[in-house]
Structure formats: C-alpha cells, structure tokens
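Visitor: sequence first, then the predicted structure, then my questions.
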Amino acid sequence: MTTITSPQNPQLQDLRRLLARRRRDGRFAAEGEDLVDAAARAGWEPLAGFRAAGSYGAPGFAEVDGALLGRISLLGSGTRVIGVYGERWAPVPLGPTCVYLHGVRDPGNVGAIVRSAQAFGVASVAVGPDCADPFGPRAVRASMGAIFAVPVARGGELPGARVALVAGAGEPLGAAALPAEVTLMVGAEREGLPADLVAGADRVVHIPMRGGDSLNAAMAATVALYELTRLRPCEDPRS
Ligand SMILES: C[S@@+](CC[C@H](N)C(=O)[O-])C[C@H]1O[C@@H](n2cnc3c(N)ncnc32)[C@H](O)[C@@H]1O
C-alpha cells in the first residue's frame, strides 16, 4: 500500500475540510481508535479511513505519513486513525426517554449529553435550535463514541411528558412522579430554556443544589438521567 505523504493529496484536503466542518455534505470525521472501534461495534461502516503509517490495523484505511496525519488532527496529541462516516439522523425524536436540547451551544456539552444518554439507556437526543452540531468533531469526541449508539434527531414532536429542567424552579426532580414516557428538556448554557418552552412544559423540575445558581448543562442532564434511572431501576448489563 502506498503511503500518502503529500499535504496536497485530495483525500487529505477533503478530510481537512470535513474536520473543520467547512464541507457539510452529510459526512463527518471521528478521530482516534476509541471512536473508530465504537463505530465498528455499533455496525457503522466507514466511508473512508486514514491511519498513520505503521500503526493500527484498520483494514482498508489509507496509510498516511504519521507526522502529516498528526498535523491534520484536531487533537492536541495528534491521532493515529481517522474514520469518515455518514451522518445518521433519526426521522423523529424517539421515546420512552428522550433528551431535548435547546440552545446548547458548546459542542463539548452536546457530546457529553449524548454520552450520558447512552450510559442511561436514553432512546434519543433531540437537537433543537441554536445547538452545537452533534456530528461536529468536538461533539463527536466528547461523546466518546456514543454518537454511534444513540439516535439523534433534529427537533420534531417530542415524545411523552415534556419535563423542563430549570434551576431553582418547579418541583425537586426526585419528588416528581414522572410518567413512563418523558422528554427531559435542557436549556442554553447562559439563558436556560426560553420562557415559552417552560410555560408549555407538562412539568417543571429542578435538581436541588446546596450552592451556586445552576449546574453546567451536561452535568444537569447527567444528574437528571441518573435520577430517572434511580427512580426506575434497571439492570446494569455489565454487572
Ligand atoms: C447553565 S444552565 C443555565 C443557567 C441559566 N442561567 C438559567 O437560569 O437557567 C443550563 C441548563 O442546565 C439545566 N440545569 C442546570 N442546573 C439545573 C438544576 N439545578 N436543576 C435543573 N436543571 C438545571 C437547565 O436545563 C439549564 O437550562
């Protein structure tokens, strides 16, 4: 197999544009063995793949000079493998448990919420207006591969009771008897959820805190999902 050594190689230029999200054509790139392995475990076939010369046995991945691949990588430490995949959007948000994001702009938060969604068996994450792109490289990285396991949808009809998570308002989450089908709604890092969404919610709940004004959006989603799991215990398949 020939090793790609030229930065002008058209496949690498395409990859650079994908990583920078300058090319939006329904493809995205995932960097690192953990993510490429997670994709394979979830049954996602790469559309293309690149690996540093002499490393990682990903079959069919183009071999690239290691230093060159490291310069293309967005990871501070460089990478030995990058896979390119087709975005998959669920046609509608799925229940029985859905997390809806509204204005969550930090891709790290969006990815971390997708990761927690996988951990707590959420059926889908619905991405509303002004959210970071869940298939952007930082969100994909923060999801630690969960983006390949959790269906993501763009807005749409939210399943079940709409439960607005609002710091310091409504009922404490643990005391709220929630129906079996719910959508947890998480708001923007600065502004929180818009007033009309909160007013139209079936329930408004908060995570009780002993200090500070609010939790980070991803932290709040994670604590809320943990609490839902605690209230409706399920077997941990790994135990
Ligand atoms: C950083 S907070 C937004 C803070 C914003 N200043 C506000 O007052 O809503 C981001 C999101 O996390 C959720 N959140 C944060 N802390 C929470 C808490 N203690 N209880 C419930 N939701 C919380 C809410 O959905 C909120 O919109």
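Guide: Received it, and whenever you're ready, just let me know what you need. No experiment lies behind these values; they were computed from the predicted model shown. Numbering: from 1, shown residues only.
Visitor: output the longest helix along the chain as CSV, restricted to C-alpha atoms.
Guide: If you go by DSSP state H, the chain has its longest helix at helix 217-231. Listed next in CSV are the C-alpha coordinates belonging to helix 217-231 (Å, rounded to 0.1, in the frame of the first residue of the first chain):
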residue,chain,number,x,y,z
ALA,A,217,-26.0,21.8,31.0
ALA,A,218,-24.3,18.4,30.5
MET,A,219,-23.9,17.9,34.3
ALA,A,220,-27.6,18.7,34.8
ALA,A,221,-28.7,16.3,32.1
THR,A,222,-26.5,13.6,33.5
VAL,A,223,-27.7,14.1,37.1
ALA,A,224,-31.3,14.1,35.9
LEU,A,225,-30.9,10.9,33.9
TYR,A,226,-29.2,9.3,36.8
GLU,A,227,-32.1,10.3,39.0
LEU,A,228,-34.6,8.9,36.5
THR,A,229,-32.7,5.6,36.4
ARG,A,230,-32.6,5.5,40.2
LEU,A,231,-36.4,6.0,40.3
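Visitor: that helix packs against which elements?
Guide: Helix 217-231 sits against strand 97-101, helix 107-119, strand 161-165, strand 182-186, with contacts defined as 3 or more C-beta pairs under 8 Å, 6 or more residues apart in numbering; DSSP states H and E. In this view, the C-beta of every residue, glycine as well, is placed from N, C-alpha and C.
Visitor: ok, which of the ones you listed comes nearest residue 37?
Guide: helix 107-119 (14.6 Å; C-beta to C-beta).
Visitor: quick one: mean pLDDT over the helix or strand that that closest one is followed by.
Guide: Moving toward the C-terminus from helix 107-119, the next helix or strand (DSSP states H and E) is strand 124-127. Average pLDDT, strand 124-127: 98.
Visitor: and strand 124-127, what does it pack onto?
Guide: Identification of packing neighbours for strand 124-127 by 3+ C-beta pairs under 8 Å, 6+ apart yields strand 97-101, helix 107-119, strand 152-154.
Visitor: C-alpha coordinates for the longest one, CSV please?
Guide: This means helix 107-119. In CSV, the C-alpha atoms belonging to helix 107-119 read as follows (Å, rounded to 0.1, in the frame of the first residue of the first chain):
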residue,chain,number,x,y,z
PRO,A,107,-20.1,21.0,21.4
GLY,A,108,-18.4,19.5,24.4
ASN,A,109,-21.7,19.7,26.3
VAL,A,110,-23.7,18.3,23.4
GLY,A,111,-21.2,15.3,23.1
ALA,A,112,-21.2,14.8,26.9
ILE,A,113,-25.0,14.7,26.9
VAL,A,114,-25.0,12.1,24.1
ARG,A,115,-22.5,10.1,26.1
SER,A,116,-24.7,10.2,29.2
ALA,A,117,-27.7,9.4,27.1
GLN,A,118,-26.0,6.1,26.1
ALA,A,119,-25.0,5.4,29.7
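Visitor: residues contacting it, please?
Guide: Helix 107-119 has contacts (C-beta atoms under 8 Å, 6 or more residues apart in numbering) with 99, 101, 104, 122, 124-125, 127, 131-134, 136-144, 146-147, 149-150, 152, 186, 189, 216-218, 221-222, 225.
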